[in-house]
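Engineer: With the sequence up front, the predicted model follows.
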Amino acid sequence: ALAEAIGVTSQAVSRWEANGGYPDMEMIPSIANYFGVSIDELFGYNNERAKRIDELVTRIDTMNFQNNGVNINIDECITLARNALIEFPSNEKLMLCLASVLYNAGYVRYGEYHLSDAEGYDILDVERHRTYAEWKEAISLYEKLLKTMENGALRHRAVCELTQLYLNVGEHTRALELIET
């Protein structure tokens, strides 16, 4: 029945079944459609990519949370996030994880510094904060993400974290513009 449906001989299908060869690549979509499955499922992936990404996101977020104010494993966390993006380039969830880890790394490694203004009010030391390479990279990642990211929880997280970073580096106008979106 498969042979007839996709226009090959029954001998060709028998050969594939007996591991004596493989169908031409052009036939793969037709075979997947015949069985009502995706090409990934036909090849045995069964949504493993999404599961792997979710596992990485959970692991990175858990590790990042451990660095709440102290450096427990921030370098390992950054490395894991960067390697995850090598495995799954441009994945929004993983890019957001890396941005969040870098955001946290600035606090963990250098701290948040304050000054007093002429009237004695506490203000952020934006000049010092602008030197944090981690925050510069995080800002760049958040900005890139927000160009394409759809509304939802992940976008909300990115907006909140980027807004705080803008404030930390003295970009008040950009923070307000982002909040207004």
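Structural biologist: That came through fine. Numbering: from 1, shown residues only.

Engineer: Could you write out the alpha-carbon coordinates of the worst-scoring helix or strand of the chain on mean pLDDT in PDB?
Structural biologist: Sorted by mean pLDDT, DSSP states H and E, the helices and strands of the chain end with helix 39-42, the least confident at a mean of 82. C-alpha atoms of helix 39-42 as PDB (Å, rounded to 0.1, in the frame of the first residue of the first chain):
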ATOM      1  CA  ILE A  39       9.600  14.000   9.400                       C
ATOM      2  CA  ASP A  40      11.200  14.300  12.900                       C
ATOM      3  CA  GLU A  41       8.900  11.500  14.200                       C
ATOM      4  CA  LEU A  42       9.600   9.400  11.100                       C
END
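
Engineer: That one: what's the following helix or strand?
Structural biologist: helix 48-66 (DSSP states H and E).

Engineer: chain center to that next one, what's the gap?
Structural biologist: In this view, helix 48-66 has its centroid 10 Å away from the chain centroid, taken as C-alpha atoms, centre = their mean, to the nearest Å.

Engineer: any residues touching that helix, and which ones?
Structural biologist: With C-beta atoms under 8 Å, 6 or more residues apart in numbering as the contact definition, helix 48-66 has outside contacts at 40, 72-73, 76-77, 80-81, 84, 87-88, 91, 93-94, 97-98, 100-101, 104. All C-beta atoms are positioned from the backbone trio N, CA, C, and that covers glycine.

Engineer: ok, residue 95 - how many residues close by?
Structural biologist: The number of residues packed around residue 95, counting by other C-beta atoms under 10 Å, is 22.

Engineer: I misspoke; the intended subject was residue 78.
Structural biologist: Using other C-beta under 10 Å as the criterion, the residues surrounding residue 78 number 20.

Engineer: residue contacts, it?
Structural biologist: Applying C-beta under 8 Å, 6+ apart, we find residue 78 in contact with 98, 101-102, 105.
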